[in-house]
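1. What follows is a predicted structure for the sequence shown.
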Amino acid sequence: MTENQILELLKNVKEGNLELGKAVDQLKQLPFEDLGYAKVDHHREIRTGYPEVIFCPGKTTEQIRGIVEHLLAKGTNIMASRVEKSVYEAIKDVYPNMEYYPEARTIFIQQKEIVKSKSRILVVTGGTSDIPVAEEAVVTAEKLGCTVERLYDVGVAGIHRLLTNRYRLDSVQVIIAVAGMEGALPSVIGGLTDKPVIAVPTSIGYGANFGGLAALLAMLNSCASGISVVNIDNGFGAGFMAATIIRQIDLNSK
């Protein structure tokens with residue numbers, strides 16, 4: 001239930017269009033709805049500006065279906081992350097216009113208009129192998145109302161590819177830098193621009209990469225200022241953080 005829906009409910013009670021008991025029943029489910037296996041947080045959008053996102057690994061297909069169905073009843077937009085294609089195929093009948101982004105492994109259901117921000121995010125990858133993680137960031141940010149641009153395969157092994165696109169770094173409000181191997185890309189970008197940089201280490205790399213740990217530690221130890229770091233392969237977290245920054249920019253510009 002959104003803030004506008006609460007106001008509408010109270011208005012209907014005041015005007016006698018809704019019985020008090022029925023209004024109480026609706027408000028009982030406002031903070032969360034206990035499904036036994038999950039407590040669906042219907043209050044999150046009011047608190048944080050964005051609705052709850054379903055993290056799918058570890059959940060059964062029927063649990064995911066149940067959570068989606070109960071969120072649908074509230075009229076909110078729904079996002080599910082780390083969704084395998086087999087899960088999507090099993091639940092796509094729940095809503096006729098369910099969108100699935102296979103590279104990002106993300107499901108999205110739109111029930112409300114997405115108001116797009118004029119502020120922009122640039123998602124940059126070191127290599128083509130980093131694109132799946134980058135796409136998770138892209139889809140997340142876009143579905144939270146951001147305008148997102150892509151700049152892929154411009155890593156430090158061919159730094160001229162990034163420098164040729166140097167102007168794009170200053171044309172946006174937030175940059176997400178996604179890289180594996182030694183994870184040097186965010187440091188380079190952080191030294192070229194005054195924009196906030198969200199660094200995403202990926203598990204791409206050879207043996208000493210240690211599944212992304214080498215890139216994570218390199219990013220955490222960056223000598224460039226203005227860089228924050230999310231966990232290994234956490235494109236969702238980076239996209240969400242970027243959207244939160246954009247949202248604050250938009251709120252402060254009003």
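-> Yes, it's here. Keep in mind it's a predicted model, so treat the numbers as computed, not measured.
2. Report the separation between the residue nearest the centre of the chain and Lys112.
-> Centroid-nearest residue in the chain: Thr140, 3.1 Å away (criterion: C-alpha atoms, centre = their mean). Remark: distance between Thr140 and Lys112 (C-beta to C-beta, to the nearest Å) = 17 Å. All C-beta spots, glycine's among them, are computed from the backbone N, C-alpha and C.
3. got it, and Ile159?
-> 43 Å.
4. more neighbours, those two?
-> The neighbour comparison of Ile159 against Lys112 (other C-beta atoms under 10 Å) goes to Ile159, with 13 against 10.
5. could you measure Gly66 against Pro57, distance?
-> Taken as C-beta to C-beta, the span from Gly66 to Pro57 is 16 Å.
6. Looking at the two, which is more packed in?
-> Ranked by neighbour count (other C-beta under 10 Å), Gly66 and Pro57 place Gly66 first, with 19 against 10.
7. That one: what's it in contact with?
-> Contact analysis of Gly66 by C-beta atoms under 8 Å, 6 or more residues apart in numbering lists Leu35, Tyr37, Ala38.
8. Return the members of those residues classed as buried.
-> By neighbour count, with 16 or more other C-beta atoms under 10 Å, the contacts of Gly66 hold Ala38 as buried.
9. Ser225: which of the contacts of Gly66 is nearest?
-> Ser225 has its nearest neighbour among the contacts of Gly66 in Ala38, at 40.6 Å by C-beta to C-beta.
10. The closest one against Glu69, yeah?
-> No: in this structure Ala38 lies outside contact range of Glu69 using C-beta atoms under 8 Å: 11.6 Å.
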